[in-house]
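Novice: heads up, no residue letters with this:
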C-alpha cells in the first residue's frame, strides 16, 4: 500500500474495526452473554461472575498502564494483542476451574487494552495523515460489531442448548480466524507507523485530570449493565430466545450510534457530556420501567452511548494532546479500567445485601450525571511539557 492508494483509508478503517471487534466485542464482552450459560451448566454464581468480570477489567487496567511504557511498534503490539485475545478466549473452553478462568480473563483484559490503545493511536494517526479522519466512526463501530457477533452467536447456541464451553470455543475460533484475515494489514511498515516510546507526556493539570476522571466515571457507570444486562433479563423472563436478545440489541445500538455520532454537530466535549446524560437515564430505566421493556430500553440507551463516549473521548484526547496523545489515551483508559473493576464488585455487594442491583444502578447513574456536568465546565486545554 502507498499513500496514494485510494483504497488505503478504507483498509485501515476496516482492519481497525475488525481488531476492535475481536479485542473488545469478544475479548472483553463475550463473557456477558455467556454468563447466563455458565450459571446454568457450570454453576457460576453472581459473585463468581463478578470476580471473573473484574479479573478481566483488572487485566485491562494492567494492559493500559503497560501500554504507556511498551517499546514496541504499534503493529507488533496489535498483532500480539489479537493473538492473545483469541487464544485466551479459546482456552476458556478447555478447562473447568475458577482459578484458571480468572487468569485467562485477566490475560484477555491485558490484550484487549493493548489493542484499543494501539489501534486508536495507529488508526486515527493514519486516517488523519490520509485526510480521512471521518472514517473514525467506522473504526469504533468495531466494538459494537463484536458485541453483535458474540451476542447473536450465543443466542443461537442457547437455542441449540449448547454448553458454555462450546460457546467459548466457537468465539475463540472466530477471533483467531478474523485476526488471521487482517494480520497482513498491520504488517506493512508504511501502513502501521511505529509507536513512539519517546513521545512527550501532556502536562497533568486540571484539564488533564478532568478528562481522566470523567472517563473513569464512565467506566464505572456503564459496566454494571454491560456485565449483567442479560442476567437481569433472565431474572425477568427465562426463555433464552427472549432474554438473549438484550445483548445483540446493546451491540446494534453501539454500531448505529457510533456511525451517527461521527456526523453529529457540536463539539466533541458536548457530544461526550450528552452521551453521559443518556447513559445515566438508561442505567436506571429498569428500576422504573417494569419487565423486559425496561431492559431493552436500557440496552438501547447504554449500548447507544458507551462506544460514542469511547470514540469522542479518545478523539478529544488526540485534539488536546496532538502527537503526544498516546500517554493521555493510556491514562484515560487506565481510569476507565479502574472504574470497570469497581463496578461489578459494587454490583455483587448490593446483590448480596439486597438481592438486587438497584443501589449500584442508582450510584452509577448519579456519577454519570455529575461527570456530564463537569465536562460542560469551561475548558482548559492541557499543553505538552
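Specialist: That came through, no problem. Since we're looking at a predicted model, the values are computed, not measured.

Novice: how many residues are close by residue 378?
Specialist: 5 (other C-beta atoms under 10 Å). Every C-beta, even on glycine, is put in place using the N, C-alpha and C of the backbone.

Novice: report pLDDT for it.
Specialist: As predicted, residue 378 sits at a pLDDT of 76.

Novice: please apply the same query to residue 123.
Specialist: 86.

Novice: helices of the chain, residue ranges please.
Specialist: Applying DSSP state H to the chain gives helices spanning 8-20, 31-42, 46-69, 74-91, 98-129, 136-159, 164-182, 206-236, 240-243, 246-261, 268-288, 291-321, 325-354, 358-375.

Novice: how about CSV for the ones you listed, with mean neighbour count added?
Specialist: As requested, these are exported to CSV (neighbours: other C-beta atoms under 10 Å):
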stretch, mean neighbour count
helix 8-20, 23
helix 31-42, 22
helix 46-69, 22
helix 74-91, 23
helix 98-129, 23
helix 136-159, 24
helix 164-182, 20
helix 206-236, 23
helix 240-243, 18
helix 246-261, 24
helix 268-288, 21
helix 291-321, 24
helix 325-354, 22
helix 358-375, 20
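
Novice: mean pLDDT lowest for which of those?
Specialist: helix 240-243 (a mean of 63).

Novice: how about residue 213, nearest residue that isn't a chain neighbour?
Specialist: residue 335 (6.6 Å; C-beta to C-beta, 6 or more residues apart in numbering).

Novice: identify the residues contacting the one you found.
Specialist: 212-213, 215-216, 219 (C-beta atoms under 8 Å, 6 or more residues apart in numbering).

Novice: with distance to residue 376 added, can I get those in a markdown table?
Specialist: Shown next, in a markdown table, are those (distance: C-beta to C-beta, whole Å):
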| residue | distance to residue 376 |
| --- | --- |
| 212 | 17 |
| 213 | 14 |
| 215 | 15 |
| 216 | 18 |
| 219 | 20 |
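
Novice: between the residues you listed, which is closest to residue 28?
Specialist: residue 219 (11.8 Å; C-beta to C-beta).

Novice: please tell me how far that closest one sits from residue 142.
Specialist: 19 Å (C-beta to C-beta, to the nearest Å).

Novice: so what's the residue count around residue 267?
Specialist: Neighbour count of residue 267, defined by other C-beta under 10 Å: 13.

Novice: how near is it to residue 132?
Specialist: 21 Å.

Novice: likewise for residue 349?
Specialist: Distance, residue 349 to residue 132, using C-beta to C-beta: 46 Å.

Novice: name the residues that touch stretch 285-297?
Specialist: Counting by C-beta under 8 Å, 6+ apart, 229, 232-233, 236-237, 242-243, 245-246, 249, 282, 298, 301, 358, 361-362 sit against stretch 285-297.

Novice: so how many other residues sit close to residue 163?
Specialist: For residue 163, using other C-beta under 10 Å, the count is 15.

Novice: need the contact list for residue 108.
Specialist: 27-28, 56, 59, 84-85, 88-89.

Novice: and if you look at residue 314?
Specialist: 120, 124, 329, 332.

Novice: ok, 6 Å please
Specialist: Shown in contact with residue 314 (C-beta atoms under 6 Å, 6 or more residues apart in numbering): 120, 329.

Novice: number the chain from 293, please
Specialist: Shifting the count to begin at 293 puts that one at residue 606.

Novice: quick check: it vs residue 376, distance?
Specialist: Applying C-beta to C-beta to residue 606 and residue 376 gives a distance of 22 Å.

Novice: list the contacts for residue 350?
Specialist: Residue 350 sits in contact with 398, 633, where contact means C-beta under 6 Å, 6+ apart.

Novice: now the one 3 residues further on
Specialist: Counting by C-beta under 6 Å, 6+ apart, residue 353 touches 626, 629-630.

Novice: could I get the residues you listed in JSON lines, plus columns for distance to residue 448?
Specialist: Formatted as JSON lines, the contacts of residue 353 follow (distance: C-beta to C-beta, whole Å):
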{"residue": "626", "distance to residue 448": "36"}
{"residue": "629", "distance to residue 448": "31"}
{"residue": "630", "distance to residue 448": "35"}
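
Novice: which of these sits closest to residue 598?
Specialist: Of those, the one sitting nearest to residue 598 (C-beta to C-beta) turns out to be residue 629, at 14.1 Å.

Novice: could you measure residue 352 against residue 397, distance?
Specialist: When residue 352 is compared with residue 397 (using C-beta to C-beta), they lie 10 Å apart.

Novice: find residues that contact each of those two.
Specialist: Counting by C-beta under 6 Å, 6+ apart, nothing touches both residue 352 and residue 397.

Novice: mind checking the end-to-end distance for stretch 446-463?
Specialist: One end of stretch 446-463 to the other measures 9 Å (C-alpha to C-alpha, to the nearest Å).

Novice: relative to the whole chain's centre, how far out is that stretch?
Specialist: 22 Å (C-alpha atoms, centre = their mean, to the nearest Å).

Novice: what of stretch 499-506?
Specialist: 19 Å.

Novice: one more: stretch 356-376?
Specialist: 17 Å.

Novice: quick one: contacts of it?
Specialist: Outside of stretch 356-376, the residues within contact range by C-beta under 6 Å, 6+ apart are 314, 403, 405-407, 409-411, 414, 471, 478, 484, 486-487, 489, 619, 622, 625-626, 629.

Novice: and the gap between residue 335 and residue 345?
Specialist: Distance from residue 335 to residue 345, by C-beta to C-beta: 17 Å.

Novice: apart from its neighbours in sequence, what residue is nearest residue 308?
Specialist: Residue 308's closest residue in space is residue 415 (C-beta to C-beta, 6+ apart), at 3.9 Å.
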